[in-house]
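> give me the fold of what follows.
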Amino acid sequence: MKITGLGACVFDTLIISESYPVEDTKRKAKEVFFSGGGPVGNALVIAEKVGADCSVVGLFGDDAAASYLLSDFAKYGVNIKDAVKIKNAKSFTSYIILSEKDKTRTILFDRGSVPDDPSLLKTDKIAGSDALHLDGNYLNCAIKAAKIAKENGVKVSLDAGGLYDGIERLLPYADMLIPSAEFVTGLTGEKDLVTAAKKTYEKYKPEVFVVTDGSRGGYYFTENGDLRKYESVKVEAIDTNGAGDTFHGAFLAAYLSGKNIEDACDFAKKVAAYKCGKKGLREIDFKQFSLK
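Numbers count the residues shown, from 1 in each chain. Alright, predicted model coming up:
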C-alpha cells in the first residue's frame with residue numbers, strides 16, 4: 001500500500017483549557033504543546049502507523065515550523081524526499097484550544113505564504129503510488145497531481161472537508177471521495193444530509209463515496225450503489241482534534257489493503273474513536289490496528 005499525499009500540513013500549537021476563556025479575560029492553560037497537523041499530514045501519519053508506505057509531496061515554508069513538520073514526518077516514517085521548501089515562505093500554522101469541559105476544539109489558523117505553484121512541485125512519487133491523497137488545499141498543485149495520478153492509473157482520494165474556492169474543479173478526479181456532512185450540504189444547498197449525499201454521489205459517481213458526520217457516524221454507498229448508514233463508536237472523548245483526519249488515513253489504508261467499503265468504514269471509525277480517547281494524535285500507538 002503506497003500512498004502519496006499533497007495538501008495542508010500544519011504546525012499546530014495546542015492549548016488545553018478547563019473550558020473556553022471568557023472574552024477579554026486571562027486564564028492559565030493546563031498544558032500547551034506542539035504537533036504536526038493538517039488533514040493530509042495527519043492522514044499520512046495514521047496510514048503509515050497502521051501499515052501503509054507513505055510519502056508527502058508539495059511545497060513547504062522555509063522557517064522553523066517547516067523544519068519541525070518535515071522532521072516530524074520523518075520521525076513517523078513518512079518519506080519527505082520530494083517535499084520542497086520555498087525560500088522566504090511562511091508555513092501554515094494554527095492555534096487550537098481544547099476544552100476539557102465541552103470536549104470540543106476551536107481553531108484559529110494562518111495559511112502562511114507558501115505559493116500554490118504547480119511548476120515547483122516534485123511529482124516523481126505519484127506515479128509509483130497506489131493512491132494520491134488530497135484535501136483541496138493548494139488547489140492548483142492538487143489538480144496537477146491528480147492529473148498525473150490519473151495518467152498513471154493511480155487512485156485519487158479526496159478528503160473534502162471544506163468548501164474551498166474552486167473545489168468543484170477537483171471533484172471529478174476523485175476515485176475515493178470522502179466529504180464531510182457540512183461539505184455535501186453546502187455544495188448542494190440541501191439541508192437534508194441523505195438528500196445531499198445522494199445528489200453528490202449521482203453527480204460524480206466515484207468508486208468510493210463516504211460522508212462523515214462526526215459523532216453521528218455517517219453514510220456510505222456500497223459497491224452496488226446502495227446508501228447505508230454507519231454508526232460511530234462511543235467513547236469518553238478526551239481530544240477530538242484530528243478525528244476526521246484519522247478516519248481518512250485509516251480508511252484509505254484499509255481499503256487499499258483489500259477491505260470492502262463497509263469493512264473499511266468499520267475499521268476507520270474504530271481507529272478514530274480510539275484516537276478521541278487519547279490526547280494528541282501522532283504520538284499515539286496504533287499497533288493494535290495494524291493491517292500488516
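> for this protein, which segments are assigned as strands?
Ranges of strands within the chain are 2-6, 10-17, 31-37, 53-56, 58-60, 83-85, 93-99, 104-110, 131-134, 155-160, 176-179, 208-212, 218-221, 227-230, based on DSSP state E.
> and the longest one, which strands flank it?
Applying DSSP bridges to the sheet, strand 10-17 is found paired with strand 31-37 (antiparallel), strand 93-99 (parallel).
> tilt between it and strand 104-110?
140 degrees (axes from the mean of the first three to the mean of the last three C-alpha atoms, to 10 degrees).
> and the residue nearest in space to the middle of the chain, how far from residue 253?
Here the mean C-alpha position of the chain is nearest to the C-alpha of residue 39 (C-alpha atoms, centre = their mean), at a distance of 2.7 Å. Separation of residue 39 from residue 253 (C-beta to C-beta, to the nearest Å): 15 Å. Using the backbone N, CA and C atoms, a C-beta is placed for each residue, glycine as well.
> possible to save the strands of the chain as CSV with mean neighbour count and mean pLDDT?
Below are the strands of the chain laid out as CSV (neighbours: other C-beta atoms under 10 Å; pLDDT from 0 to 100):
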stretch, mean neighbour count, mean pLDDT
strand 2-6, 27, 98
strand 10-17, 21, 94
strand 31-37, 17, 92
strand 53-56, 24, 98
strand 58-60, 24, 97
strand 83-85, 17, 97
strand 93-99, 18, 93
strand 104-110, 14, 92
strand 131-134, 28, 98
strand 155-160, 26, 98
strand 176-179, 27, 98
strand 208-212, 25, 98
strand 218-221, 23, 96
strand 227-230, 14, 96
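> adding distance to residue 67, write the ones you listed out as CSV.
Formatted as CSV, those follow (distance: least, C-beta to C-beta, whole Å):
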stretch, distance to residue 67
strand 2-6, 19
strand 10-17, 10
strand 31-37, 11
strand 53-56, 14
strand 58-60, 9
strand 83-85, 9
strand 93-99, 13
strand 104-110, 17
strand 131-134, 23
strand 155-160, 25
strand 176-179, 31
strand 208-212, 32
strand 218-221, 36
strand 227-230, 39
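> so for residue 244, which of those sits nearest?
The closest of the strands of the chain to residue 244 is strand 208-212. By C-beta to C-beta, the value is 5.9 Å.
> work out the gap between that closest one and the centre of the chain.
Centre-to-centre, strand 208-212 and its host chain are 13 Å apart (C-alpha atoms, centre = their mean, to the nearest Å).
> any low-confidence regions in the stretch 151-292 of the chain?
Applying pLDDT under 70 to the stretch 151-292 of the chain picks out no residues at all.
> all helices of it, in order?
Assignment of helices within the stretch 151-292 of the chain using DSSP state H, counting those that start in this stretch yields the ranges 181-188, 193-204, 243-256, 261-276.
> between these, which one is nearest to residue 88?
Of the helices of the stretch 151-292 of the chain, the one closest to residue 88 (C-beta to C-beta) turns out to be helix 243-256, at 28.6 Å.
> so the closest one versus strand 2-6, what angle?
Interaxial angle of helix 243-256 relative to strand 2-6 (the same axes, to 10 degrees): 150 degrees.
> from the chain's centre, how far out is helix 243-256? Work that out for me.
Using C-alpha atoms, centre = their mean, the offset of helix 243-256 from its chain centre is 8 Å.
> nearest residue to residue 105 other than its sequence neighbours?
Computed as C-beta to C-beta, 6 or more residues apart in numbering, the closest residue to residue 105 that is not its neighbour in sequence is residue 241, at 4.4 Å.
> okay, the one you found and residue 16: tell me how far apart.
Separation of residue 241 from residue 16 (C-beta to C-beta) stands at 10 Å.
> are there residues contacting both of these two? Which ones?
Common neighbours of residue 241 and residue 16, using C-beta atoms under 8 Å, 6 or more residues apart in numbering, are residue 98.
> roughly how far does the closest residue to residue 36 other than its chain neighbours sit from residue 202?
Nearest residue to residue 36, sequence neighbours excluded (C-beta to C-beta, 6+ apart): residue 72, at 4.0 Å. Distance of residue 72 to residue 202, given as C-beta to C-beta: 40 Å.
> compare these two (neighbour count), which wins?
residue 72 (21 against 11; other C-beta atoms under 10 Å).
> residues touching the more buried one, list them.
Residue 72 neighbours (C-beta under 8 Å, 6+ apart): 35, 36, 282.
> wait, the residue nearest to the centre of the chain touches residue 6, no?
No - with contact defined as C-beta atoms under 8 Å, residue 39 does not count as touching residue 6 (11.0 Å).
> ok, residue 243 touching residue 278?
No - counting by C-beta under 8 Å, residue 243 sits too far from residue 278 to count as a contact (10.8 Å).
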